[in-house]
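> A structural model of the following input is requested.
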Amino acid sequence: MAATKIRTMEEFSAASGISRPTVSRYFNDPTSVRVSTREKIERALARFDYHPNMFARNLNRKNPRNIGIIVPQLVDPFFAEVVRRIELRCAQAGYWAIVLSSHGERTLEVNALDTLRSLKISGAIVAPLGEGSDARRIEALGREVPVVFLDSRVGEGAPFVGTDNAQSISLIVDYLCRSGEPPCYLDMPRVNQNTEERRSAYVAAMDRLGLEPRIVELGEHQGWSFEEIGHGLAGRILRAGGFPTKTVLCANDRLAIGVLAAAYAEGVKVGIGPGCELRVAGHDDHPLSRFTCPALTTVAQDYDGLASHSLEMLFDRIEGQRSDGGGPEQTLLEARLIMRASA
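So this is what the prediction gives:
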């Protein structure tokens, strides 16, 4: 038997001489069997080099402990960091995270939604494309399992966890106005409701301070390639004479990274020291923003809060604690000001 490849739990039970129910209990919870039995099972596992297909077992459960996660871009470090934290919390809670990306495309988001519907999952956390999403497909998933929206949402009234854009934008506008020339605003592509919320928050903050809002429009530039968009647009603006003000607030850090690269290429010194011609700030505290040159001033979204609140909201619904519809359906988290060398 030692030379025979053990492929199923039934084969492992027969080879080890341990009953199938006992083996099953061990894999569900090792502490549920006696210490002597647990040691016997673990010796047999080592001897036969058996590794059960826990994913398949989970899919076959009556109450599967699988959580679906869909994000627009896994290569976006913001989403990668939030997903990393969600995965760790799922593992701690005994859940398996199934992570899919829509890669910024409607068709691929639909495919991801259909994939989750074809699997046995307990619920899903969805960061939708927003403007490009198929609302009916998302609603169909929501009729089958609990769904919580993260960062962006489709429709009103659905469970949602995100950042309070009014608070975060106001925070950084106030700082930039206190510390130098008031900022113009480099808008972001209209990919989801964050675009309008952040733009409106900038206008409101400038109005509150009695200052004229100055928005740099993107024109035909759309999509999720924010660094490329920021780099190309900023390069053209700098070659044509510069931004409307000497301070640029970008709607997200990825746009700001593109602006910093364009400024370097055009020989424009960014920062707050002697000889600096431009200040640049962003929004998100992108995991790479501290390593730009100069390091990027920004507002930090609460990555851990986004992960923990979205999972807690989802678990409440999975466990039936929210069937009465009570409590808040929306959680908006505040951001923190991060002052670095770029502004």
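> what about Glu196, which SS state?
helix (DSSP: H, G, I helix; E, B strand; the rest coil).
> can you give me the pLDDT of it?
Glu196 carries a pLDDT value of 94.
> number of nearby residues for the closest residue to it other than its chain neighbours?
Spatially, and ignoring its direct neighbours in sequence, Glu196 is nearest to Arg190 (7.5 Å; CB to CB, 6 or more residues apart in numbering). C-beta: built from backbone N, CA, C; applies to glycine. Using other CB atoms under 10 Å, Arg190 is surrounded by 15 other residues.
> again with Thr8
11.
> picking that back up, the residue nearest to Glu196 touches Glu131, doesn't it?
Yes: counting by CB atoms under 8 Å, Arg190 does reach Glu131; the two are 5.7 Å apart.
> re earlier: dump the residue contacts of the residue nearest to Glu196.
Glu131, Glu196, Gln222 (CB atoms under 8 Å, 6 or more residues apart in numbering).
> and it, what element?
Per DSSP states H and E: Arg190 is located in neither a helix nor a strand.
> who's in contact with Leu218?
Asp187, Met188, Pro189, Ile229, Leu233.
> and the third one, what pLDDT?
Yep, that's Pro189 we're talking about. Reading off the model, Pro189 has pLDDT 90.
> same question for the last one.
We have a pLDDT of 96 for Leu233.
> quick one, phi psi at the closest residue to Tyr185 other than its chain neighbours?
Take Tyr185 and drop its neighbours on the chain: the residue closest to it by CB to CB, 6+ apart is Tyr202, 4.6 Å away. As for Tyr202, its main-chain torsions (degrees, to the nearest 10) stand at phi -60, psi -50.
> circling back: between the contacts of Leu218, which has the most around it?
Neighbour-wise, the contacts of Leu218 (other CB under 10 Å) top out at Met188, 25 neighbours.
> my guess is that one contacts Asn194. True?
Yes: between Met188 and Asn194 there is a contact under CB under 8 Å: 7.4 Å.
> residues shared between the contacts of the two?
With CB under 8 Å, 6+ apart, Met188 and Asn194 have common neighbours Ala251.
> so for the residue nearest to Tyr185, what's the pLDDT?
pLDDT, Tyr202: 98.
> give me the number of residues near it?
Neighbour tally, Tyr202, other CB under 10 Å: 26.
> filter the contacts of Leu218 down to the ones in helices?
Mapping these onto helices (DSSP state H) picks out Ile229, Leu233.
> looking at the contacts of Leu218, spot the one nearest Leu278.
Leu278 lies nearest to Leu233 out of the contacts of Leu218, by CB to CB, at 14.2 Å.
> now the closest one: how far from Gly17?
70 Å (CB to CB, to the nearest Å).
> contacting residues for the residue nearest in space to the middle of the chain?
The centroid of the chain falls nearest to Phe79 when counting by CA atoms, centre = their mean (3.1 Å). With contact taken as CB under 8 Å, 6+ apart, Phe79 is in contact with Val71, Pro72, Gln73, Ala127, Asp151.
> which stretches of the chain have low pLDDT?
Low-confidence segments of the chain, defined by pLDDT under 70: 1-4, 28-29, 52-63, 321-328.
> and if we set it to 80?
1-9, 24-31, 48-64, 131, 155-157, 219-222, 320-328 (pLDDT under 80).
> tell me where it has strands.
Taking DSSP state E as the test, the strands found in the chain are 66-71, 96-101, 123-126, 147-150, 160-163, 184-186, 215-216, 247-250, 279-281, 298-300, 330-333, 336-338.
> in a markdown table: those, plus mean neighbour count and distance to Glu42.
Putting the strands of the chain into a markdown table (neighbours: other CB atoms under 10 Å; distance: least, CB to CB, whole Å) gives the following:
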| stretch | mean neighbour count | distance to Glu42 |
| --- | --- | --- |
| strand 66-71 | 25 | 26 |
| strand 96-101 | 19 | 22 |
| strand 123-126 | 27 | 33 |
| strand 147-150 | 25 | 37 |
| strand 160-163 | 24 | 40 |
| strand 184-186 | 24 | 58 |
| strand 215-216 | 17 | 62 |
| strand 247-250 | 28 | 54 |
| strand 279-281 | 27 | 55 |
| strand 298-300 | 25 | 44 |
| strand 330-333 | 16 | 42 |
| strand 336-338 | 15 | 46 |
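> would you reformat those strands as a markdown table and include distance to Pro30?
Output for the strands of the chain, formatted as a markdown table (distance: least, CB to CB, whole Å):
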| stretch | distance to Pro30 |
| --- | --- |
| strand 66-71 | 20 |
| strand 96-101 | 17 |
| strand 123-126 | 26 |
| strand 147-150 | 31 |
| strand 160-163 | 33 |
| strand 184-186 | 54 |
| strand 215-216 | 58 |
| strand 247-250 | 50 |
| strand 279-281 | 51 |
| strand 298-300 | 39 |
| strand 330-333 | 35 |
| strand 336-338 | 41 |
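> for the chain, what spans make up the helices?
9-16, 20-28, 35-48, 54-60, 77-92, 106-118, 135-144, 165-179, 193-208, 226-239, 253-265, 303-318.
> got the angle for the first one vs helix 20-28?
Read that as helix 9-16. 110 degrees (axes from the mean of the first three to the mean of the last three CA atoms, to 10 degrees).
> starting at the chain centroid, how far to helix 9-16?
42 Å (CA atoms, centre = their mean, to the nearest Å).
> if we can go back for a sec, do I have it right that the residue nearest to Tyr185 meets Ala281?
No: judged on CB under 8 Å, Tyr202 makes no contact with Ala281 at a distance of 11.4 Å.
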